[in-house]
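Asker: okay, structure incoming, though there's no sequence with it:
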């Protein structure tokens, strides 16, 4: 399984990486610190799952999600944010799931189960 994590906060990015490795030992993880780099990576490499923050410099997670969906990318994309008000916007942009920060290990386990990963 290959996952892309797009998150500008290093502590959150590290937590997500470590948690995903604990939940799925054989996972391969790539990371980006903003949506523009996440978009570039997703265009070059197929991922089984993309987890993206909403608020980031250069390009936010919703724009990245929208562009990927417009290009026909069907991989599950999970948007995470501390702002519950953007859940509907996330889903409208093409997100498969929205998770409220702080994300817990249980949230991540649920997410993997939902997508059969």
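Answerer: Yep, it's here. If you're wondering where the values come from, they're calculated on a predicted model, not measured in any experiment. Numbers count the residues shown, from 1 in each chain.

Asker: now the strands: where do they sit in the protein?
Answerer: With DSSP state E as the criterion, the chain has strands at 2-6, 28-32, 49-53, 77-81, 97-100.

Asker: what does the average pLDDT come to for the last one?
Answerer: Averaging pLDDT along strand 97-100 gives 97.

Asker: residue 67 and residue 100, how far apart?
Answerer: As for residue 67, its distance to residue 100 is 24 Å (criterion: Cβ to Cβ, to the nearest Å). Quick note: C-beta positions are derived from backbone N, CA and C, even for glycine.

Asker: what residues are up against residue 34?
Answerer: Contact analysis of residue 34 by Cβ atoms under 8 Å, 6 or more residues apart in numbering lists 6, 8, 56, 57, 58, 59.

Asker: surely the first one meets residue 51?
Answerer: Spelled out, that is residue 6. Yes: using Cβ atoms under 8 Å, residue 6 makes contact with residue 51 at a distance of 7.1 Å.

Asker: so for these two, which residue has more residues nearby?
Answerer: residue 6 (31 against 28; other Cβ atoms under 10 Å).

Asker: with adjacent residues omitted, what lies nearest to the more buried one?
Answerer: Distances taken as Cβ to Cβ, 6 or more residues apart in numbering put residue 38 closest to residue 6, at 3.5 Å, once the chain neighbours are dropped.
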